[in-house]
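[1] The sequence isn't on hand, but the structure is:
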Ligand code: MLT
């Protein structure tokens, strides 16, 4: 009989959001009349901005004519898009990133999950805790996480707790690690790191010879002008950091799928021979073998985000979601809950009421208010005692959810 990758048996039973979907489906089957409001997964609800839709239509028309039809594109993305990214996402912030350091893909989830393939199977990994589950699960699948530690984690992962006590600012690793995943603005806590904190990480990585896997999928939500949008705004980051960016939460591409990863040419890691090897070349080799590029029509749609109308429309959608986040934050605070995040991020991280753990609060809101959120414990053990809501709903449902939660908490 064929043998499986035993590492899969070490994964927690279900991917967090699939597990929530399963529980919600079960609830709905038992309560078909309940009007559920979903503020669990961070999925866009507002339509694609008109400038993007127009570009998408035009690109589809190009595909319908022999003279403008496109087959396989460059695996790493069309230049019309990578040049716009280099100019608008980086150049405009005083950061130099060359178009050929940008790898366009079908999503940050897959890039963040796949990038670990470039590291040794026994490389040591550090994760903030709570954490977006993809970073952990992809390393479990690769056999890098070790065995369950009996406390809901894995014995080869270094967990960096982020709680209200340290203002959700992760401590530096206290033992040698090869890779650290950082996500700011943070999913799930909604925390951000200022320039001095980011510099502390870059300086540490340079001294330790470690690589930072920096997920900036939510940078579009930053409101405070002194918070960096990119790790490369910190000097020296090009030698130690990869950055993941996404159109999902900015331009509403959660279903349309487009993202990019930046791998600067100076970024190296060590081969077992001791030789320093550029990760740029390895990622190019990996992508050109296992990926054939994001669709032409989707890249044309993404490019429309950088037009003046596209920028304005995307900004309006982000403002809309941030208004939702404010409504949730203020509403729950008025109901007596302690609330974090929601100021530079679409996520609101709520302390669960006394006596209720994360899943108990999830069940209470589902059963009594018919509101779906995400239990903090699903993101790791330091998420226990917290609960995540998102600003990605539509306005009416968000207002209704806040009103229902307030009523339930008063009883
Ligand atoms: C979340 O809710 O954490 C995100 O939607 C997950 C994702 O972006 O894959």
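    Nice, thanks for sending it over. All of these numbers come straight from a predicted model, not from anything done at the bench.

[2] what residue lies at the spatial centre of the protein?
    The residue lying closest to the centre of the chain (CA atoms, centre = their mean) is residue 217, at 5.0 Å.

[3] That one - nearest residue in space that isn't next to it in sequence?
    Excluding its sequence neighbours, the residue lying closest to residue 217 (CB to CB, 6 or more residues apart in numbering) is residue 246, at 4.2 Å. No exception for glycine: its C-beta is placed from N, CA and C like everyone else's.

[4] before we move on, the earlier item: next up, phi/psi of the residue nearest to the centre of the chain, please.
    phi -60, psi -20 (degrees, to the nearest 10).

[5] residues contacting the residue nearest to residue 217?
    107, 108, 217, 253, 258, 259 (CB atoms under 8 Å, 6 or more residues apart in numbering).

[6] how about a cut-off of 10 Å?
    105, 107-109, 111-112, 215-220, 253-254, 257-261 (CB atoms under 10 Å, 6 or more residues apart in numbering).

[7] now do residue 252
    Residue 252 touches 43-49, 52, 305, 313-314, 317-318, 321, 392, counting by CB under 10 Å, 6+ apart.

[8] Please apply the same query to residue 37.
    Counted by CB under 10 Å, 6+ apart, residue 37 has contacts 365, 369-373, 393-394, 396-402, 404-405.

[9] Narrow the residues you listed to those that are buried.
    365, 369-373, 393, 397-402, 404-405 (16 or more other CB atoms under 10 Å).

[10] In this structure, mark out all the helices, start to finish.
    For the chain, the helices defined by DSSP state H occupy 16-30, 50-63, 79-84, 108-114, 133-141, 195-208, 248-251, 279-290, 296-303, 308-334, 358-364, 395-410.

[11] The fifth one close to the ligand?
    Spelled out, it's helix 133-141. No. In terms of CB under 6 Å from any ligand atom, no part of helix 133-141 sits within range of the ligand; the closest distance is 6.7 Å.

[12] just to revisit the earlier point, looking at the residue nearest to residue 217 now. What's its pLDDT?
    You'll see residue 246 listed with a pLDDT of 98.

[13] Quick check: bridge partners of it?
    Residue 246 forms beta bridges with residue 259, as assigned by DSSP bridges.

[14] Any of the contacts of residue 252 buried? List them.
    Neighbour-count burial (16+ other CB under 10 Å) applied to these gives 44, 45, 48, 49, 52, 305, 313, 314, 317, 318, 321, 392.

[15] how close does the third one sit to residue 56?
    Right, residue 48. 7 Å (CB to CB, to the nearest Å).

[16] Next up, the contacts around residue 198.
    182, 184, 192, 212, 214, 227-228, 230-231, 233-234, 237, 241.

[17] any chance of the residues you listed in JSON lines, plus neighbour count, pLDDT and distance to residue 38?
    As requested, those are arranged in JSON lines below (neighbours: other CB atoms under 10 Å; pLDDT from 0 to 100; distance: CB to CB, whole Å):
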{"residue": "182", "neighbour count": "24", "pLDDT": "98", "distance to residue 38": "28"}
{"residue": "184", "neighbour count": "30", "pLDDT": "98", "distance to residue 38": "25"}
{"residue": "192", "neighbour count": "24", "pLDDT": "98", "distance to residue 38": "25"}
{"residue": "212", "neighbour count": "23", "pLDDT": "98", "distance to residue 38": "33"}
{"residue": "214", "neighbour count": "24", "pLDDT": "98", "distance to residue 38": "29"}
{"residue": "227", "neighbour count": "18", "pLDDT": "98", "distance to residue 38": "29"}
{"residue": "228", "neighbour count": "22", "pLDDT": "98", "distance to residue 38": "32"}
{"residue": "230", "neighbour count": "20", "pLDDT": "98", "distance to residue 38": "31"}
{"residue": "231", "neighbour count": "27", "pLDDT": "98", "distance to residue 38": "32"}
{"residue": "233", "neighbour count": "17", "pLDDT": "98", "distance to residue 38": "35"}
{"residue": "234", "neighbour count": "21", "pLDDT": "98", "distance to residue 38": "37"}
{"residue": "237", "neighbour count": "27", "pLDDT": "98", "distance to residue 38": "36"}
{"residue": "241", "neighbour count": "27", "pLDDT": "98", "distance to residue 38": "34"}
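
[18] I'd like those residues written out as TSV, with distance to residue 352 added.
    What follows is the contacts of residue 198, written out as TSV (distance: CB to CB, whole Å):
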residue	distance to residue 352
182	25
184	24
192	23
212	31
214	29
227	27
228	31
230	34
231	32
233	35
234	35
237	36
241	34
